[in-house]
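In: Build me a model from this:
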Amino acid sequence: MAFLRTAAIAVERGRWRSGYDERRPGKFLCGIVATLLIVLAGKGAVEAQSNGEYQIKAAYLYNFGKFVEWPSGAFSGPSDPFRICILGDSPFDRNLESAFSSRKIQNHPVHVIYPDSMAQSRKCHVLFLSPSESGHMKAIVADLRSDPVLTVADTPGFISAGGMIRFFLEGDSVRFEMNPSPASQAGLKVSSKLLVLGAKHR
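Out: Numbering: from 1, shown residues only. All right, here's what the predicted structure looks like:
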């Protein structure tokens, strides 16, 4: 847990960051992520330093939901949960469910889901494709092209395959690159604040 609190401080100082620079807008998101990391630590979500990278990515998955607008049809009602899904062999700690159990995104309770079919994946709001799915990520993204699902991965080539957000490491920083075009085609409205934070696709 001490590592995660250290990581939270590092996020605030810009060492673990996602496109963060003190000369640019977006410092607020790093603060939010740092706060959530402390919440995760309090829930016992980290058991080893090697998992720290994915706890930071988990915090970003949660915060992406605060800067993207989903069409009204993506929710069946005000009590419908906001679904953060992990597809494939999860690199995240399973305690994510309890860590997010009291959190809300856009007034919807957050549920962590592990879909085992494309039908379940279509009901997700944020879908992280695990590295185990890298062999057929292009087909998965193509199947979800018209669904309001924010697709995220950390696999090289994910953006070129039609994915929306890809994590990558730069030194000791967790960063992300974003392709807003497929997000727009899926009916998602991405905040300009998030676009500023994301690195340009290279």
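
In: What is the burial count for Pro78?
Out: When counting by other C-beta atoms under 10 Å, one arrives at 7 neighbours for Pro78. No exception for glycine: its C-beta is placed from N, CA and C like everyone else's.

In: ok, it to Asp147 distance?
Out: Applying C-beta to C-beta, to the nearest Å, the value for Pro78 to Asp147 is 21 Å.

In: any weak-confidence spans in the protein?
Out: Applying pLDDT under 70 to the chain flags residues 1-51, 199-202.

In: at 90 what do you get?
Out: Along the chain, the parts satisfying pLDDT under 90 run over 1-56, 58-60, 66, 72, 78-79, 92-103, 169-175, 192-202.

In: Can you pull up the most central residue in it?
Out: The centre of the chain sits closest to Leu61, judged by C-alpha atoms, centre = their mean, with a distance of 2.0 Å.

In: Return the list of helices and strands in contact with the helix or strand encompassing that residue.
Out: Using DSSP states H and E, Leu61 falls within helix 52-64. Under the contact definition 3 or more C-beta pairs under 8 Å, 6 or more residues apart in numbering; DSSP states H and E, helix 52-64 sits against helix 2-13, helix 27-42, helix 96-100, strand 126-129, strand 150-153, strand 165-170, strand 173-178.

In: if we can go back for a sec, residues in contact with the residue nearest to the centre of the chain?
Out: Counting by C-beta atoms under 8 Å, 6 or more residues apart in numbering, Leu61 touches Ile84, Val126, Phe128, Val152.

In: One more pass at 10 Å, please.
Out: Contact partners of Leu61, counting by C-beta atoms under 10 Å, 6 or more residues apart in numbering, are 54, 84-86, 92, 96, 100, 110, 112, 126-128, 150, 152, 165, 167.

In: now swap in Gly187 and tell me
Out: Glu69, Trp70, Pro71, Ser72, Gly73, Ala74, Ser146, Asp147, Pro148, Val149.
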